[in-house]
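Asker: What shape does this take:
(2 chains)
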Amino acid sequence: MASLRKIARRTFLIGAAAVAGGVAVGYYYYRKPYPNPLEGELAEGEQTFNPYVKIGADNTITVIAPRAEMGQGISTTLAAFVAEELEVPLDLVKVEYGPASYAYYNATILEEGAGYNFWDDSFAAESARALMMGIGKMLGAQGTGGSTSARDGFDRMRQAGAATRMMLVDAAAARFGVRANELTVENATITHAASNRSVTYGEVAADAAKLSPPSTVVLKDKAQWKLLGKSQPRVDMMDKVTGAPIFGIDVRLPEMLYATVRISPVFGVKPVRSDTSAAEKMPGVVKIVPIETVYGSGFGVIAENTWAAFKAAEAIDVEWGKPDYPVTNEGVMEIIAKAAAEGEATVERDDGNVDAAFADAPADKVIESEYSVPYLSHAPMEPMNSTAQLKDGELTVWSPNQMPVLIRWFCADIAGVPIDKTTVHTTAMGGAFGRRGELDYAIYAALMAKETNGRPVQVTWTREEDMRHDCYRPASVGRFRARIGDGGPEAVDMRIAAQNMVASLTSRWFPSLPAGGPDPAITDGSRNQPYTIPNYRVASVEASLKLPVSFWRSVGNSVNGFFHESFMDEIANAAGADPIEMRRKLMVDFPAALAVVNKVADMSNWGEKLPDGKAKGFAFTLSFGSWCGQVIQVADTPKGIKLEKMWIAVDVGMALDPSIIEAQMFSGAIYGLSAAMSQEITFKDGIVEQSNFHDFDAMRIWQSPEFEVAILENFHRMGGVGEVGTPPAAPALANAIFALNGKRIRSLPLNKEVKFA
Amino acid sequence: MRLTVDGKPLDIDVDPDMPLLWALRDVAGITGPKFGCGVAACGACTVFVDGQPVRSCSLPVGQVSGEVTTIQGIGTSDNLHPVQQAWIEEQVAQCGYCQAGQIMSAVALLDMIDNPSDEEIDEAMGGNLCRCGTYPRIRAAIHRAAVLKTARS
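Answerer: Residues are numbered from 1 along each chain as shown, chains lettered A, B, ... in the order given. Here you go, the predicted model:
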């Protein structure tokens, strides 16, 4: 019954927020679950109050933002949570990532794993979410992903700021011999106006740290916010425009060696014959070591500089094993297509009676389509890398990563060092998009640190190695049919096949565990969209392939956004309906969705008569709890199709930083458009054919449309931001191309069928 | 081998075939220019040689005859270049990894054209890839930098 009590408490809190404005919460929950990891690393004169705040005697205030900064701006928003309640402006705050620690568990990352629709507030859905959050806490899962960081930190980190402020004020009150409520707080200074006395936080920090944390804190009402809800200058901007050494690849340590890897490009095999002697003799080469891990097998090359390591890795003479999967891309795609056609399905949504609706459907009222999308690489700008040092029985890892607790665990195991002798420093990341949720780049560094007699070693992959050793966005094939009714669909039936991402991940991280059940991500973005259709079935089919696959910005939504919204456009066309007018009817039960659609229609002047050679396309996806509609306008030009302008309306429930949200919306859209226009990963002889940005390019500035973004706050629950711009981008573009030239493209990338300017 | 980097002399003993990028990063410890592709396809490694933007990942250090300028040589946090200032005002960077190269290309563009059009920006910046998709703000920041630069001179 413990979870029942938790649910009751949650419900009460939501109610209290709505009624009273301020939220009173029990603070014990945040004092106790894990020890404060900052206690072991305080500087002289520095005090810590909880895992999120350190204050120095010199009034230096350090806020821990324990989610990975990969470009999404999260360090700024998390710091603002604490600063808001601590009553300090952001420019007075030093922001650090903090150590890998269970104290920084991400509960929300598992919350939506419960599998309920975002709009479902039923007792069952809330119970399941609370249970999943409890699991996240128990696992101490300090992860960044699933567009969860702001949602997860919103209460916890504001409470940490408020509790700290209260302790500082109590200490000042004791020093002045006055009551706490006679004091005011501004800019890290506590003032007693009546006696004209003031002290800085730093001056009372030592006294305050001796006090017990308050058992209850009262958070500010939204109307009192000074930082939250307003665009803040990003805390990482100065470093990023001056070339500061903040990334993993910028780590420089005394006596450091440089290294790279050459891992089998055929997945899951080892070298069958190799000769490293020529490579070992090359100038600057220190050592070549064999690598055998769950991620891949091959060689590590340790040298005096990265370039020497790259050259030597290339010079290794090696023959790899043969793949145990199809040797052609057609063979791979055929397995997925066959699964979509006849594989055993798991029904994930089943409204009405789909079979009956099709049984008596007149042939001219039924449309059927097959869609497909390719494998994709994450390809962040900073290639995979990590730095490690094993010295005097202690392992230290510097790694741009999304999963520090897991990295610590795996690296400690590989280096044969206890976890408590292993430290992980998470650096800023030159992009990640899900790629740095894997562990290979850190594991290889830990392995090589065993070979360097205590010297640190930085392992940097070539772009080619990075492109050919990703855990890819799985390819997918969908088979859809619809019965067309009056102005829209009477029935929709979707079967979607792809590799099971969770099973792929489990095989790498916990190979002894059973594979588990069906992967709900296969239909994520199709099974859970806010449409009311009388007969509506969405089923997933697992394609049996062992290629390494994982989470790529927006995960299943990146696939299903394209499938679902392209097919909706086909249905509208078959029904003779305007695509947006049809959505308005289907979304009538979902006011948040409807408001987004109306907003983006208004912004883009949808329905206006366009000159010949121009057209607009629309798509909508609800993902990560945010409701996103996009309209893109394209033009036929002598050089090809030009993307002129995209309008985006998004309901995020609560907009914590409009500038960062706007940036994430066009960032997500450009990421999706890049993939839609030209990206695919294909296999030949078991090896990824693409190797660098010449054959896996992304949108360039000349291809980028203008953007106009509107942020809405109608829905009652906060949604994510980092991924929600991606899913509707591909279908909006494909639908615009259909409107432009009548060509319905059902397979990505689009540049196989049309030319882009 | 003697180079001049960001106005300072730099003596290094390296294979002349080593790309300038790795001589800067691994030998001289100047990490502002970034490694992205190694084949001059992404622009993250862009530096100036005698004021001309080059892709340092593909230029052998032995062929460098002129003065090298990196992101660390065009401005500092207390003395920002107008392009860096504009980048802050427009809040351009997301992950930030490509931005050293983007800023160097933008500086080179504004050295050639005082007030570039969107078309001229698109043409000059096309070799600099950004996976976060900061392009809309890059365009805005270059327009703003043009104004800031003119005001300063």
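Asker: Now do stretch A:612-630: distance from first to last residue.
Answerer: In terms of Cα to Cα, to the nearest Å, the two terminal residues of stretch A:612-630 are separated by 22 Å.
Asker: cool, stretch A:81-100 as well?
Answerer: 20 Å.
Asker: That stretch - what's its average pLDDT?
Answerer: Mean pLDDT, stretch A:81-100: 93.
Asker: Check whether it comes near chain B.
Answerer: No. Stretch A:81-100 does not reach chain B (Cβ under 8 Å from any Cβ of the partner chain); its nearest approach is 12.4 Å. Using the backbone N, CA and C atoms, a C-beta is placed for each residue, glycine as well.
Asker: what does stretch A:179-195 contact?
Answerer: A:59, A:61, A:86-89, A:92, A:165-166, A:168-170, A:172-173, A:176, A:178, A:197-202, A:204 (Cβ atoms under 8 Å, 6 or more residues apart in numbering or on different chains).
Asker: Work out the gap between that stretch and the centre of the chain.
Answerer: 41 Å (Cα atoms, centre = their mean, to the nearest Å).
Asker: buried stuff in that stretch?
Answerer: A:Leu183, A:Val185, A:Ala188, A:Thr189, A:Ile190, A:Thr191, A:His192 (16 or more other Cβ atoms under 10 Å in any protein chain shown).
Asker: On the three-state scheme, the fifth one is what?
Answerer: Using DSSP: H, G, I helix; E, B strand; the rest coil, the structure places A:Ile190 in strand.
Asker: Quick check: the most centrally placed residue in chain B vs chain A, distance?
Answerer: By Cα atoms, centre = their mean, chain B has its centre lying nearest to B:Met104, at 2.5 Å. According to Cβ to the nearest Cβ, to the nearest Å, B:Met104 and chain A sit 9 Å apart.
Asker: What residues does the closest residue to A:Ser504 other than its chain neighbours make contact with?
Answerer: Of all residues not flanking A:Ser504 in the chain, A:Val549 sits nearest, at 4.7 Å (Cβ to Cβ, 6 or more residues apart in numbering or on different chains). By Cβ under 8 Å, 6+ apart, the residues touching A:Val549 are A:Tyr375, A:Cys471, A:Tyr472, A:Arg473, A:Pro474, A:Gln499, A:Met501, A:Ser504.
Asker: give me that answer again for 10 Å
Answerer: Applying Cβ atoms under 10 Å, 6 or more residues apart in numbering or on different chains to A:Val549 gives the contacts A:375-376, A:470-475, A:498-505, A:519.
Asker: residue ranges of the helices in the stretch 651-757 of chain A, please?
Answerer: A:658-678, A:729-741 (DSSP state H, counting those that start in this stretch).
Asker: so for the last one, what's the average pLDDT?
Answerer: Read that as helix A:729-741. 98.
Asker: and that helix, how far from the chain's centre?
Answerer: Worked out by Cα atoms, centre = their mean, helix A:729-741 lies 26 Å from the chain centre.
Asker: For it, which helices and strands make contact with it?
Answerer: Counting by 3 or more Cβ pairs under 10 Å, 6 or more residues apart in numbering or on different chains; DSSP states H and E, the packing neighbours recorded for helix A:729-741 are helix A:556-575, helix A:579-586, strand A:614-623, strand A:626-637, strand A:640-651, helix A:658-678.
Asker: what angle do the longest one and strand A:640-651 make?
Answerer: So that's helix A:658-678. Counting by axes from the mean of the first three to the mean of the last three Cα atoms, to 10 degrees, helix A:658-678 lies at 140 degrees to strand A:640-651.
Asker: near chain A at all, the longest helix seen in chain B?
Answerer: Longest helix in chain B, counting residues (DSSP state H): helix B:135-152. Yes. Against chain A, helix B:135-152 shows contacts by Cβ under 10 Å from any Cβ of the partner chain at B:Tyr135, B:Pro136, B:Arg137, B:Ile138, B:Arg139, B:Ala141.
Asker: count of neighbours near residue 35?
Answerer: Picked chain A for this. 12 (other Cβ atoms under 10 Å in any protein chain shown).
Asker: that's the wrong chain, I meant chain B
Answerer: Neighbourhood size, B:Phe35 [other Cβ under 10 Å]: 30.
Asker: hang on, it packs against B:Gly43?
Answerer: No. Between B:Phe35 and B:Gly43 there is no contact under Cβ atoms under 10 Å: 11.7 Å.
Asker: shared neighbours, those two?
Answerer: Counting by Cβ under 10 Å, 6+ apart, the residues touching both B:Phe35 and B:Gly43 are A:Met381, B:Cys57.
Asker: Mind checking what helix or strand follows the helix or strand containing A:Met166 in sequence?
Answerer: Remark: A:Met166 resides in helix A:149-176, with elements defined by DSSP states H and E. Next helix or strand after helix A:149-176 toward the C-terminus (DSSP H and E): strand A:184-186.
Asker: What is the least confident helix or strand in chain A?
Answerer: Within chain A, no helix or strand scores below helix A:2-20, which has a mean of 31 by mean pLDDT, DSSP states H and E.
Asker: ok so, going back, how about JSON lines for the helices of the stretch 651-757 of chain A, with mean neighbour count added?
Answerer: Output for the helices of the stretch 651-757 of chain A, formatted as JSON lines (neighbours: other Cβ atoms under 10 Å in any protein chain shown):
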{"stretch": "helix A:658-678", "mean neighbour count": "26"}
{"stretch": "helix A:729-741", "mean neighbour count": "26"}
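Asker: Rebuild these as a markdown table, extending it with distance to B:Leu148.
Answerer: Shown next, in a markdown table, are the helices of the stretch 651-757 of chain A (distance: least, Cβ to Cβ, whole Å):
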| stretch | distance to B:Leu148 |
| --- | --- |
| helix A:658-678 | 20 |
| helix A:729-741 | 33 |
